[in-house]
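> just to be clear, the model below is a prediction. Sequence and coordinates:
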Amino acid sequence: MDSPHITAIEHDTIQPIPLEKRHGSFSYLFTIWFGCNMNVLTVVTGALASTLFGLGFVSGCVAVILGNLVGTIFMALHAAQGPQLGVPQMIQTRGQFGATGALFVVFAVLLMYLGYIASNIVLGGQSIHAEFSAISINDGIWLIGAISVAAAIFGYDMIHEYSKYVSIVVGLAFVAMFISLVGFEGLPKNFMTSGTFTWPNFIGAFSLAALWTLSYAPYVSDYTRYMPETTGVSPAFWGTYWGTSLGSSIPMVLGVMIGIVVGTGDLIAGFVHAAGGMAMPIIAIFTISMACSVAINIYSCVLAALTFVQSFVEGWIPQTRARLICNFVVIGISIAVAIIGQAHFLTNYMNFLFVLLYVLVPWTAINLVDYYLVRHGSYDVQSFIRADGGVYGRFQWPAVACYVLGFLIEVPFMSQELYTGPIAKMLGGADISWIVCLVIISPVYYFISKSLMKESALVPAE
């Protein structure tokens, strides 16, 4: 079926998308994930490899690229769930956790979306102000918020179309940035010798980059659920994988370079300086790119919020009006958080990223094992939109218990400003909590679920 006109406001929310409304191809997935990652926040995240973790250019680039390549594997595996099930990612979580059991995960993801929206618009506002001093940071925040919420209001097709053109334009802008930084502005003489390699810092930068792409896991089905059921696992995976890993690695490498250039200085000022004589058009382009990323976050945040509320209202299926109202609530909260928290942005952002790491990893392990190895993609989709969970009930205790266990397993390996676990101290501060959690919880959940499923009517015993 042909795609509907992009200026038509989307009417579907958390309900399954009928087969006759399905459209698009895996190329949609490359452009949406490539475009939304090519922004200033990704640059700043990459810069942490050389500023916070003190790595040099080569080790910093290796860390962020490897992190992206590894983290994106888990994120891209979620892509096939949308075409197969036709529902947003968070409501599909009821199939593993039950309607009430999923609420904690949904709420945590809601906070994640709000954090990313606020982070993006703060950086966007700072970038605009750095180049156009007459525009205050707060005015820049409002500007990006307004552009973003407009795209989110139209919904799925507008966001996909927006991302397609952003991918092209911002890709060219990044090429111009690299040329300007290396060829015109010049790199410091000690550029290649700056930084110190240590394994804890390398692992820290690697984990941060892996988390960046892994944190997109709760979004993925939101942007594949309108695709034809025949899309296939492989095309959905590779379109998502290369769009995300390339779209993240390119700006992160630029971030590593800018981090070395500015040292302890202002990263945003360094970003504007790197653009050189092209700063004005490049900042304008990155404002549009930032708005694309924020629109994606708003859209998914609204779907998660509607999923959360619907859990308490039996028989209610949110429609267009609920989605539109929720859009304005989400952007209003995000703008308030951005304006209040902008003074301590980098500290707040780092703490936020590590909390995400600990919350999302057990969920993604359970979700992927359940989908691919336990149920093999076979779910009662209509039960997802029932507030009582339908055949999945209020709680699915194997998933809830494994989630709690996964979090507890992470605690000794945690390493951040507020808390460092005993094993992380033994490892010199390296945070490998997410790796340990994935390695342990994936098989534990698999064996518990398979043994219980054989005695359950949910899935026939093999």
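Looks like it came in fine. Numbers count the residues shown, from 1 in each chain.

> if we go by neighbour counts, what in the helix or strand bottoming out on mean pLDDT in the chain is buried?
Using mean pLDDT, DSSP states H and E, the weakest-scoring helix or strand in the chain turns out to be helix 345-369, at a mean of 83. Along helix 345-369, these residues count as buried under the neighbour rule (16 or more other C-beta atoms under 10 Å): 345, 348-350, 352-369. (C-beta placed from N, C-alpha, C; glycine too.)

> quick one: contacts for Val359?
Counting by C-beta atoms under 8 Å, 6 or more residues apart in numbering, Val359 touches Val105, Ala108, Met112, Phe407.

> and Ile147, how close does it get to Ser442?
Applying C-beta to C-beta, to the nearest Å, the value for Ile147 to Ser442 is 40 Å.

> what's the burial count for Pro251?
A count of nearby residues for Pro251, using other C-beta atoms under 10 Å, gives 26.

> quick one: average confidence on the host helix or strand of it?
Assessed by DSSP states H and E, Pro251 sits inside helix 233-262. Across helix 233-262, pLDDT averages out at 96.

> about what we covered before: after the least confident helix or strand of the chain, next one along is what?
helix 381-384.

> what's the angle from the next helix or strand after that following helix to helix 345-369?
Remark: after helix 381-384, the chain's next helix or strand is helix 397-410, criterion DSSP H and E. Relative orientation of helix 397-410 versus helix 345-369 (axes from the mean of the first three to the mean of the last three C-alpha atoms, to 10 degrees): 140 degrees.

> need the contact partners of helix 397-410.
Helix 397-410 is contacted from outside by 96-98, 101, 104-105, 358-359, 361-363, 365-366, 370, 433-434, 436-437, 440-441, 444-445, 448-449, 452, using C-beta under 8 Å, 6+ apart.

> by contact count, what packs against the helix or strand hosting Gly145?
Element membership of Gly145 [criterion: DSSP H and E] is helix 137-154. Helix 137-154 is packed against helix 103-131, helix 156-179, helix 279-310, helix 320-341, with contacts defined by 3 or more C-beta pairs under 8 Å, 6 or more residues apart in numbering; DSSP states H and E.

> give me the angle between that helix and helix 320-341.
160 degrees.

> ok, and what's touching helix 137-154?
Residues outside helix 137-154 that contact it (C-beta under 8 Å, 6+ apart): 6-10, 117, 120-122, 124-129, 135, 158-159, 162, 287-288, 290-292, 294-295, 298-299, 302, 324, 327-328, 331, 334-335, 338-339, 342.

> give me the buried positions along that helix.
For helix 137-154, using 16+ other C-beta under 10 Å, the buried residues are 137, 140-145, 147-149, 151-154.

> cool, and stretch 154-172?
So for stretch 154-172, counting by 16+ other C-beta under 10 Å, buried means 154-164, 166-167, 170-171.

> remind me which residues of this protein are low pLDDT?
Within the chain, the stretches with pLDDT under 70 are 1-7, 346, 350, 454-462.
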